[in-house]
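Q: Sequence and predicted model, in that order:
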Amino acid sequence: MLSAVLRAPTEYLSTPPSAGTLQSQEAETSGKDWTASRRFPHALIIGVKKGGTRALLEFLRLHPDVRALGSEPHFFDRHYARGLSWYRSMMPKALDGQIVMEKTPRYFVTPETPARVRAMSQDIKLIVVVRDPITRAISDYTQIVSKTPGVPSFESLAFKNGTAGSVDALWSPLHIGLYARHLERWLAHFPPAQIHFVHGERLVHDPAGEMGRVQDFLGLQRIVTDKHFYFNKTKGFPCLKKPEGSSKPHCLGKTKGRLHVRVQPEAVRKLREFYYPHNLRFYQMAGMDFGWQ
Ligand SMILES: Nc1ncnc2c1ncn2[C@@H]1O[C@H](COP(=O)(O)OS(=O)(=O)O)[C@@H](OP(=O)(O)O)[C@H]1O
């Protein structure tokens, strides 16, 4: 099912991003509507870490016009020196008209990434799943503790002198939550219409609603709908129903939807104060109130 609205991204792909060698490889595949080939992505999920990026990618993969890489390639932030040919070779094969995607949440916060993405494609669509920066930070820290037991407490890392001291905004779990600062860099390279924000909390409470907006943004027919989801009470998250003629119903893995480390209410209060102006600025830039204050 390849809808006509998907023609535009394919045009960009017939004009490869750079290097002559890539041009000749692309020419070989052009015009073969029915032959799957490896293409550069039309859309990227660029962040944010712990925002719900895996859930979004898995939900999008239900769509027959989406082909998405399962792993995170980290091309623009870590492996850029490997070159565009390498990047394309990582992509799943796609038919003409199918949207190719990948997700690497670190792209959102790495300063060099926006210019690199733009050098590959001016028309690429960018998706950012955002979540209350405080919950996001606690989720991030919970993951750190699970990998490195015995790390200092959240409170001692988040504040320079315990909760009485100032916030350490350079501590990665807090720095990632300064969404306005990161977005500013993307907006220096891409128009706002090319960036879509997914409300991380709503992705949990109303996955079909959020998926409807994402499919519209990508120019896809609304095929992923409430028929695909059920709320799993044990997990406390939406999971996927059994797709027609295929595997079992499934939820995301154990590392998604973890019980969070408990953080002192005073620390949360101070972080709420700290993020308040940053959040307001982000709402203005994104043109949407996410309701975290
Ligand atoms: N349907 C569903 N199932 C499970 N988890 C869900 C779902 N939708 C959103 N989430 C939230 O996704 C959070 C993990 O975010 P990411 O996938 O972006 O994490 S990562 O950056 O790739 O590690 C994860 O964070 P934690 O709850 O802190 O584990 C979830 O809150």
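A: Happy to help now that I have it.
Q: what are the phi and psi angles of residue 101?
A: Here is the backbone geometry of residue 101 (degrees, to the nearest 10): phi -140, psi 160.
Q: List the contacts of it.
A: The contact partners of residue 101, taken as Cβ atoms under 8 Å, 6 or more residues apart in numbering, are 41-45, 57, 60, 66-69. (Glycine included, C-beta is placed from N, CA and C.)
Q: Cross those residues against helices and list the overlap.
A: 57, 60 (DSSP state H).
Q: Tabulate the contacts of residue 101 (TSV), appending pLDDT.
A: Shown next, in TSV, are the contacts of residue 101 (pLDDT from 0 to 100):
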residue	pLDDT
41	98
42	98
43	98
44	99
45	99
57	98
60	97
66	98
67	98
68	98
69	97
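Q: Please dump the contacts of residue 101 into JSON lines; it should also carry neighbour count and distance to the ligand for every row.
A: Output for those, formatted as JSON lines (neighbours: other Cβ atoms under 10 Å; distance: Cβ to the nearest ligand atom, whole Å):
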{"residue": "41", "neighbour count": "28", "distance to the ligand": "17"}
{"residue": "42", "neighbour count": "24", "distance to the ligand": "21"}
{"residue": "43", "neighbour count": "26", "distance to the ligand": "16"}
{"residue": "44", "neighbour count": "24", "distance to the ligand": "14"}
{"residue": "45", "neighbour count": "30", "distance to the ligand": "9"}
{"residue": "57", "neighbour count": "20", "distance to the ligand": "8"}
{"residue": "60", "neighbour count": "24", "distance to the ligand": "13"}
{"residue": "66", "neighbour count": "23", "distance to the ligand": "17"}
{"residue": "67", "neighbour count": "23", "distance to the ligand": "19"}
{"residue": "68", "neighbour count": "21", "distance to the ligand": "13"}
{"residue": "69", "neighbour count": "16", "distance to the ligand": "13"}
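Q: any idea how far the most centrally placed residue in the chain is from residue 70?
A: Among the residues of the chain, the one closest to the centroid is residue 45, at 3.3 Å (Cα atoms, centre = their mean). For residue 45, the distance to residue 70 equals 12 Å [Cβ to Cβ, to the nearest Å].
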